[in-house]
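Q: take this sequence and fold it.
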Amino acid sequence: MNQSRGDEIQIRPARPDDLPAVIELLRPYIEAGRLLPRAEDEAPELLENGFVAETAGRIVGFAALDVYCQKLAEIRSLAVASEFQGSGIGRRLVEACVERARQLRVREVMAITSADGFFKSCGFDFALPGERKALFIQTNG
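A: Residues are numbered from 1 along each chain as shown. Next comes the predicted model:
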């Protein structure tokens, strides 16, 4: 992918009429197990704080900020069309979500991912200030 093509990509807030294209973009990642199946069901709610990457009228990327409370939000459903991966779109979508968190005065943003190297390159880390860490337990519920 050449950089000039990446420069033509516009990152903008998602709109309700983007929903079919967003679901179409997410579906292969859900089917491959890279995104949770809930991503498709929850996509309408995620549009409120979601961002799309668009070129020539086609949505080629999506990410959403899922705000839990004033203290915490999560970057959700990050997906970039395969032919546009490696062009910086994912980073730009993450930056848009983090900026939205700043606007909403959310103090911490997390990402649950198997691509930890990517998120670390965007400024995320395993530990929070003051040596706090996020720990999880799966309830199989």
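Q: show me the shaky parts of this structure.
A: Applying pLDDT under 70 to the chain flags residues 1-7, 129, 141.
Q: would you map the helices across it?
A: Along the chain, counting by DSSP state H, helices occupy 3-7, 19-31, 38-46, 89-103, 116-121.
Q: now these in JSON lines, with mean neighbour count and distance to residue 79?
A: (C-beta placed from N, C-alpha, C; glycine too.) Below are these laid out as JSON lines (neighbours: other C-beta atoms under 10 Å; distance: least, C-beta to C-beta, whole Å):
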{"stretch": "helix 3-7", "mean neighbour count": "11", "distance to residue 79": "16"}
{"stretch": "helix 19-31", "mean neighbour count": "16", "distance to residue 79": "5"}
{"stretch": "helix 38-46", "mean neighbour count": "16", "distance to residue 79": "8"}
{"stretch": "helix 89-103", "mean neighbour count": "19", "distance to residue 79": "9"}
{"stretch": "helix 116-121", "mean neighbour count": "14", "distance to residue 79": "12"}
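Q: format those helices as CSV; extra columns: distance to residue 65.
A: Formatted as CSV, the helices of the chain follow (distance: least, C-beta to C-beta, whole Å):
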stretch, distance to residue 65
helix 3-7, 22
helix 19-31, 14
helix 38-46, 8
helix 89-103, 4
helix 116-121, 14
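Q: out of those helices, the one nearest residue 55 is which?
A: helix 3-7 (7.7 Å; C-beta to C-beta).
Q: on that earlier part again, nearest to residue 63, out of the helices of the chain?
A: The nearest among these, by C-beta to C-beta, is helix 89-103 at 3.8 Å.
Q: for the closest one, which outside residues touch it?
A: Outside helix 89-103, the residues that touch it by C-beta atoms under 8 Å, 6 or more residues apart in numbering are 6, 9, 11, 49, 51, 53, 60-65, 67, 73, 75, 78, 80, 109, 111, 118-119, 121-123.
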